[in-house]
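[1] Any chance you can model this:
(2 chains)
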Amino acid sequence: MLPFNVKLSQIASVGVNGLGIEPTAKMISDLALLYEKEELLPTIAKEQTPSGIRSRIALVSSDSQYRLLLGVDSFLFTLNAIDYSGSNINETGEFTEKAIPVFTKILQHFDLKANRMGIVTEGVISELAGEQLEGLSEKLFNAPAFFKTLHPFEWDWRLVSLLDREFGGKTEPTNNIVILKRRKIQLQRNGETQPDQLDSILVNLDININPDNTMPRFSYEDVEKYFSTAAKWIDTLSNEMNDFLFADKNKLEQAGE
Amino acid sequence: MRGLNATIDKEVESIPGSILRNRTGSQNNFLFFRENELAEYTYRPLKSNFTALEHTTNTLTVWGFPQVKSGTTERKNYPYALDTLIQSSQSFTFQVSDFDVTNYQWSLNRLQDLSLVEYTKLKDDDKNELLKLLDEVPIEDGYPHPAEIYIEHFIKTQPSKTYEYLTNIFNKNLGENPHISYAVLRCLGRLQWRVVKIEGYELILKGLLSSNTDIYEAITRAIESWKLKDGIEILRFLITKSDDYWLNEYIKMVIEDLRALS
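    This next block holds a predicted model:
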C-alpha cells in the first residue's frame, strides 16, 4: 500500500437522479429519522452544478468525519480526516462496509437505481527526502533536458485506463485513475501556531464505472456488491503504485531489516 | 445625555414619552426616551457598555440601561433595546428603580423594515454577548428571552454565519452545559418560521442525537410554535426516545394539535 503520511479522505459515490431530493421540512424530517441509527443529521449544503449553485441536503455526523451529500446527479459518502494525520481513516474495506448500508437505505427509501458507482482514496506522502522526490519525477516523466537539469519542484501526473470489472455477476467498464501531484503544502498540527511546510506528493486513486451508460440499472444489491469488491480493487491499485514508485526504497528498507 | 442618564440612580422616576411596556407593573428593564418619530436610526454598541441610539438627523437620543442583577449598577449593551423602541408607538410612563433582564416584555409586532437600522456584524463581542445571555438568562415560559432578538437580527443579516455559530454553541455545550444548548433551541423555536426557515429546523434536529429530555422538549416546542406538520414524525420518534411521562403526554398533545391543522 502507498505509504500515506496523511490520509485525507475516502469517498464512495453512486450516480442517481437526485433532482427531487430538495431541502424541505418533510425531507429533512424523513432523512433525520432514516439515518438516526447511523447518527447522521441533515444539514443544508450547497452544490455546484452546471446550472449553478443549488441548495441540497447533506447528512453529517456530529464529529463531521462522515458526510453524505445528496447531490443532483450523485450521492457522495465521504470520510474526512479529522486530525493532522487522518488517524480516523483506516482500511478501505472498513470504509466501504460503512458506506454500503448508508447507500442501501437511501436507494430503498427513494426507490432509486444507480447508473454508476465510484470509489476514491486520497492521501499525502510527505516524508520523502529531496533525492527521492527527484527520483520520482525522473521515473514518471521523460522530460526535456531543461527539466532534467533543473529538477521541477511541482508537477502533475495522471493516468486513466479502462478495464472491464465484474461485481455480483455484472461486468461493467471502469475508469481506473491515478493522480499524483508534487506540491508544497501546509498542514496545521493541532495546538501548533505555525503550519508545517511539506514538500509532498498528493495522491488520488479513483475507480469508477464509466459514465457513458446513463441508464439507471444498479439496484441497491448491485451497489452493495460493487463496494464490497471495489475496496480490494483500490488496495490492489495502491499496492501496484507503491511497488512502482518505491520499489528501490522498499528493497533498501527490507535489506536493512 | 437626556434625562435618563441623570436619573438612573434615582429610586423612582417617571418619564413620559418612553415606550417600554411594563409586564406586571413592577420594575422595568430598560429606559428609553423619545422626542421624535422613528426614522433613520443608527444603532451603535459602545465600548462603555451601554446602548446608545442616536438619531442621525434630528435630536433623538435613547439610552438603555438593563441590569443583569437586581440592585447592581452594571450596564450592558443590548441591541434589543432598539427593537423595543421601534415596536411601540404609544407613550408610557414607567418607573425606574430596579432592572432585571429576565423581566421585561416586548411586543412581537416588531419593526418590519429592519433595513432602517444599521446593525453591527457578528463580531466576537456579539458572540460573547449572545453566549453570555444564553448561559446566564433562564428561559421563562411566556416571556421573551433577550438572546432572541440577537439571533433574529443576525439570522436576517448573515444567516449562514449565524447558523454555523449557533450550531457550534449547541454542539459544544450539549455535553457539559446542556442548558446553553437548550436555550439555543428554545430561542430559535420562538422565532417565526419565516425567519428561521429550513435552516432553523435543521439546527433543532441536531438535538435528536441527545438523550436529554429537556432538549426533546425544546424540539417539541419549536415544532409546535412553527405549526410544522412535517415535524409530526419527528415528534413520534421523540416519544420512543423519551421516558418522561409528562413530556410524552405533551408531545402527544402537540401531535394532535398539528394533525388538526388544516
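
[2] tell me which element residue A:76 is part of?
    Using DSSP states H and E, residue A:76 maps to strand A:74-80.

[3] residues in contact with that strand?
    Residues outside strand A:74-80 that contact it (Cβ atoms under 8 Å, 6 or more residues apart in numbering or on different chains): A:8-16, A:18, A:64-69, A:88-89, A:95, A:98-99, A:102-103, A:106. C-beta: built from backbone N, CA, C; applies to glycine.

[4] by contact count, what packs against whichever helix or strand comes after that strand?
    Where DSSP H and E defines the elements, the next helix or strand beyond strand A:74-80 is helix A:92-109. Helices and strands touching helix A:92-109, by 3 or more Cβ pairs under 8 Å, 6 or more residues apart in numbering or on different chains; DSSP states H and E, are strand A:6-15, helix A:25-34, strand A:66-70, strand A:74-80, strand A:116-125, helix A:220-256.

[5] any idea of the mean pLDDT for stretch A:66-85?
    Mean pLDDT, computed over stretch A:66-85, is 92.

[6] Show me what counts as buried in it.
    Judged by neighbour count (16 or more other Cβ atoms under 10 Å in any protein chain shown), stretch A:66-85 contains these buried residues: A:66-81.

[7] next one: stretch A:207-225
    Going by 16+ other Cβ under 10 Å, stretch A:207-225 has these buried residues: A:207-209, A:218-220, A:222-225.

[8] Let's have those residues in CSV, adding pLDDT.
    Below are the buried residues of stretch A:207-225 laid out as CSV (pLDDT from 0 to 100):
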residue, pLDDT
A:207, 98
A:208, 97
A:209, 97
A:218, 97
A:219, 96
A:220, 96
A:222, 97
A:223, 97
A:224, 97
A:225, 97
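
[9] So residue B:251 belongs to a helix, correct?
    Yes. Membership of residue B:251 in a helix is supported by DSSP: H, G, I helix; E, B strand; the rest coil.

[10] correct me, but it touches residue B:233?
    No. Applying Cβ atoms under 8 Å, one finds residue B:251 not in contact with residue B:233, separated by 11.9 Å.

[11] Those two - which one has more neighbours?
    The neighbour comparison of residue B:251 against residue B:233 (other Cβ atoms under 10 Å in any protein chain shown) goes to residue B:251, with 24 against 15.

[12] mind listing what that one touches?
    B:216, B:220, B:235, B:238-239, B:242.

[13] try 7 Å
    B:220, B:235, B:238-239 (Cβ atoms under 7 Å, 6 or more residues apart in numbering or on different chains).

[14] Contact residues of chain A facing chain B?
    A:23-26, A:28-29, A:32-33, A:36, A:39, A:41-44, A:62 (Cβ under 7 Å from any Cβ of the partner chain).

[15] One more pass at 6 Å, please.
    A:23, A:25-26, A:28-29, A:32-33, A:39, A:41-44, A:62 (Cβ under 6 Å from any Cβ of the partner chain).

[16] Next up, the contacts around residue A:84.
    residue A:189 (Cβ atoms under 6 Å, 6 or more residues apart in numbering or on different chains).

[17] distance of it from chain B?
    Residue A:84 sits 21 Å away from chain B, going by Cβ to the nearest Cβ, to the nearest Å.

[18] Now that residue: phi and psi?
    Main-chain torsions, residue A:84, degrees, to the nearest 10: phi -60, psi -40.

[19] Can you name the residue of chain B nearest chain A?
    Going by Cβ to the nearest Cβ, chain A is nearest to residue B:230 of chain B, at 3.8 Å.

[20] what about the strands in chain B?
    Under the criterion DSSP state E, chain B contains strands at B:41-45, B:51-55, B:61-64.

[21] Rounded mean pLDDT for the first one, please.
    It stands for strand B:41-45. Mean predicted lDDT for strand B:41-45 stands at 28.

[22] same deal with the second one?
    For strand B:51-55, the mean per-residue pLDDT is 31.

[23] One more: the last one?
    For strand B:61-64, the mean pLDDT works out to 34.

[24] of the contacts of residue B:251, closest to residue A:160?
    Within the contacts of residue B:251, the smallest distance to residue A:160 is 49.5 Å, found for residue B:238 (Cβ to Cβ).

[25] okay, now the closest residue to chain B within the stretch 101-250 of chain A: neighbour count?
    Among all residues of the stretch 101-250 of chain A, residue A:109 sits closest to chain B, at 13.1 Å; criterion: Cβ to the nearest Cβ. A count of nearby residues for residue A:109, using other Cβ under 10 Å, gives 13.

[26] Can you tell me the closest non-neighbouring residue to it?
    residue A:34 (5.7 Å; Cβ to Cβ, 6 or more residues apart in numbering or on different chains).

[27] how about the residues of the stretch 151-262 of chain B near chain A?
    Near chain A, when you scan the stretch 151-262 of chain B using Cβ under 6 Å from any Cβ, you find B:198-199, B:201-202, B:205-206, B:208-209, B:228, B:230-231, B:233-234, B:237.

[28] Apply 8 Å and report the result again.
    Residues of the stretch 151-262 of chain B lying close to chain A (Cβ under 8 Å from any Cβ of the partner chain) are B:171, B:198-199, B:201-202, B:205-206, B:208-209, B:228, B:230-231, B:233-234, B:237.

[29] Among these, which ones are in helices?
    B:171, B:198-199, B:201-202, B:233-234, B:237 (DSSP state H).

[30] By neighbour count, which of those residues wins?
    Highest count within those by other Cβ under 10 Å belongs to residue B:201, 28 neighbours.

[31] okay but that residue is in contact with residue B:231, surely?
    Yes. Using Cβ under 8 Å, residue B:201 is in contact with residue B:231, at 7.5 Å.

[32] quick one: common contacting residues for those two?
    When contacts are counted by Cβ under 8 Å, 6+ apart, residue B:201 and residue B:231 have residue A:25 as shared neighbours.

[33] Tell me which stretches of chain B form helices.
    B:3-7, B:80-87, B:124-136, B:146-157, B:159-173, B:178-190, B:193-204, B:213-225, B:232-241, B:245-260.

[34] can I get the ones you listed in TSV with mean pLDDT?
    Listed next are those as TSV, based on pLDDT from 0 to 100:
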stretch	mean pLDDT
helix B:3-7	27
helix B:80-87	38
helix B:124-136	78
helix B:146-157	84
helix B:159-173	90
helix B:178-190	96
helix B:193-204	94
helix B:213-225	97
helix B:232-241	96
helix B:245-260	96
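
[35] next one: phi and psi at residue A:197?
    Torsion angles, degrees, to the nearest 10, at residue A:197: phi -100, psi 120.

[36] what's the neighbour count on it?
    So residue A:197, with other Cβ under 10 Å, has 10 neighbours.

[37] same question, residue A:124
    Neighbours around residue A:124, by other Cβ under 10 Å: 22.

[38] Please look at it and residue A:8 and confirm they touch.
    Yes. Between residue A:124 and residue A:8 a contact is recorded at 6.4 Å, counting by Cβ under 8 Å.

[39] Give me the spatial nearest neighbour of residue A:68, chain neighbours excluded.
    residue A:59 (4.4 Å).

[40] show me the contacts for the one you found.
    A:31, A:35, A:38, A:40-43, A:67-68, A:70.

[41] go with 6 Å
    A:35, A:40, A:42, A:68.

[42] On the three-state scheme, it is what?
    Quick answer, by three-state DSSP: residue A:59 is strand.

[43] could you dump the contacts of residue B:251 to JSON lines with neighbour count?
    JSON lines is the format used below for those (neighbours: other Cβ atoms under 10 Å in any protein chain shown):
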{"residue": "B:220", "neighbour count": "27"}
{"residue": "B:235", "neighbour count": "22"}
{"residue": "B:238", "neighbour count": "25"}
{"residue": "B:239", "neighbour count": "17"}
